[in-house]
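A.B. asks: fold the following and give me the result.
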Amino acid sequence: MAKINRFAEMHDEITAWRRDIHQNPEILFETHRTSALVAEKLAEFGCDDVVTGIGRTGVVAVIKGKQNGSGKVIGLRADMDALPMTETSGVEHASKTDGAMHACGHDGHTAMLLGAAKYLAETRNFDGTAVVIFQPAEEGGGGGKEMVDDGMMDRFGIQEVYGMHNYPGLKVGEFALRTGPLMAATDQFTIYVEGLGGHAANPKACIDTTLLASHIVVALQSVVSRNTDPLENLVLSVTSFETESKAYNVIPQRVEIRGTCRSLTDEVRDMAQERVTAIATSTAAAFGATAKVKYDRGYPVTKNHADQAQFAAGIARLVSGDDMVDDNTLPVMGGEDFSYMLEARPGAFVFVGNGDTATLHHPDYDFNDDLIPTGCSFWAQIVENRMPAS
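C.D. replies: Residues are numbered from 1 along each chain as shown. Sure thing, here's the model as predicted:
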């Protein structure tokens, strides 16, 4: 195993950064304090260039190696934003901001990449350029897309890009990844049903939207069980059913249904959208009502490129050992906007174990600081081994 000793020396310092960020969570693009802290640290480390305001509140820094004959440029990305949740972890460094917490470990991702940036700026033992990327608004805001659309890849000449996310349930320092689809496309739908409201004691004079909307919800379950190849992956979940009336004696005029579809291929994604729309409109029509469907496509599939995934798996083995790396892990149906960066450049996204902790997006979650030397070593070894100094 080849964890870098320097990160053991820096462990307390990096942990302090992480816990400070954890105490001061910021949501979506409102990462002003975090972005300023990151930019300040990167400048202190002596990075060759530190640029703020990429993708609104993103920060990018350039670190040039002792040699630059290879012309290679590698991007490393961490996310900075928190979630709109109330923390119940009880840790001393718990969130000081009501209704916001780092429930997904982005504080840890940011701190580990800062640690790697400090080391790389100190040593510069590589032939090429490392670009460290600190992204806002991963949690539903599409900050990755904003940074790509802002011209980040071309502006900094990024040729490959790598991302990492902690994963509760895996042993601390255990890695999991795969070539191809690793995380799902995340789409959402809203179905607006309109019938004919009236008195609940006289249903024959109404078109009962509650009844027909219930039929829509049940029929939607057939999209996975009867329209999807059993060897393919699709999740369709109805998550909200809301009528415009709270009265016991009123059949509502309107019902709104909301849900999400998660898929791993374009073909299944297209099919799901078509079937959700057809089922909703045709079921409503059968009852003499109408349904309108708003179907919003979210993050695309997070799809690892073969060469970069194999390289990342090799670095993971170097850092943690063969028995701590699964390079053919099953895909998960959560989404990740690093997918936009992987659409723009070849690269890979990896999971690394957070140990036996509360799951992601749980109010008791906290990033495991024992993971810091592993994560920092992985980032540094990506750069030093992909762009080795002669």
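
A.B. asks: run through the strands of the stretch 1-150 of the chain in chain order.
C.D. replies: Ranges of strands in the stretch 1-150 of the chain, per DSSP state E, counting those that start in this stretch, are 49-54, 58-64, 73-79, 129-135.

A.B. asks: closest one to Gly169 among those strands?
C.D. replies: Set against Gly169 and scored by C-beta to C-beta, the strands of the stretch 1-150 of the chain come closest in strand 73-79, at 19.8 Å. (C-beta placed from N, C-alpha, C; glycine too.)

A.B. asks: give me the phi and psi for the closest residue to Ala200 other than its chain neighbours.
C.D. replies: Excluding its sequence neighbours, the residue lying closest to Ala200 (C-beta to C-beta, 6 or more residues apart in numbering) is Asn249, at 4.6 Å. In terms of degrees, to the nearest 10, the main-chain angles of Asn249 are phi -120, psi 30.

A.B. asks: do Arg258 as well
C.D. replies: Dihedral angles (degrees, to the nearest 10) for Arg258: phi -130, psi 150.

A.B. asks: what's near enough to touch the spatially most central residue of the chain?
C.D. replies: When C-alpha atoms, centre = their mean is applied to the chain, the residue found nearest the centroid is Glu336 (2.9 Å). Glu336 is in contact with 138, 163, 165, 183, 299, 302, 349, counting by C-beta atoms under 8 Å, 6 or more residues apart in numbering.

A.B. asks: state the mean pLDDT of the helix or strand containing the last one.
C.D. replies: Read that as Phe349. In this structure, Phe349 sits in strand 347-355 according to DSSP states H and E. Regarding strand 347-355, the rounded mean pLDDT is 98.

A.B. asks: how about the helix or strand that it is followed by: buried residues?
C.D. replies: Following strand 347-355 in sequence order, the next helix or strand is helix 372-386 (DSSP H and E). For helix 372-386, burial by neighbour count (16 or more other C-beta atoms under 10 Å) applies to 372-384, 386.

A.B. asks: which secondary structure elements does helix 372-386 contact?
C.D. replies: Counting contacts by 3 or more C-beta pairs under 8 Å, 6 or more residues apart in numbering; DSSP states H and E, helix 372-386 is packed against helix 5-9, helix 11-23, strand 73-79, helix 106-123, strand 160-168, helix 306-320, strand 347-355.

A.B. asks: what's the closest of the ones you listed to Asn233?
C.D. replies: Judging the helices and strands packed on helix 372-386 by C-beta to C-beta, what sits closest to Asn233 is strand 347-355, at 17.2 Å.

A.B. asks: which elements pack onto that closest one?
C.D. replies: Judged by 3+ C-beta pairs under 8 Å, 6+ apart, strand 347-355 is in contact with strand 160-168, strand 175-176, strand 302-304, helix 306-320, helix 338-344, helix 372-386.

A.B. asks: how close does Phe156 get to Leu37?
C.D. replies: 21 Å (C-beta to C-beta, to the nearest Å).

A.B. asks: same question, Gly46
C.D. replies: 17 Å.

A.B. asks: then Phe367?
C.D. replies: The value you get for Phe367 to Leu37, if C-beta to C-beta is used, is 16 Å.

A.B. asks: which one's more surrounded, the two?
C.D. replies: Phe367 (27 against 20; other C-beta atoms under 10 Å).

A.B. asks: check whether the more buried one really touches Thr110, as I assumed.
C.D. replies: No: at 10.0 Å, Phe367 and Thr110 do not qualify as touching, with contact defined as C-beta atoms under 8 Å.

A.B. asks: which residues do these two both contact?
C.D. replies: Common neighbours of Phe367 and Thr110 (C-beta under 8 Å, 6+ apart) are Arg18.

A.B. asks: would you mind finding the most buried of the strands of the stretch 1-150 of the chain?
C.D. replies: Comparing these by mean neighbour count (mean count of other C-beta atoms under 10 Å), strand 129-135 comes out on top with a mean of 28.

A.B. asks: between that strand and helix 106-123, how big is the angle?
C.D. replies: Relative orientation of strand 129-135 and helix 106-123, computed by axes from the mean of the first three to the mean of the last three C-alpha atoms, to 10 degrees: 160 degrees.

A.B. asks: residues touching Asn368, list them.
C.D. replies: Neighbours of Asn368 in contact, by C-beta under 8 Å, 6+ apart: 108, 166, 172, 354-355, 357.
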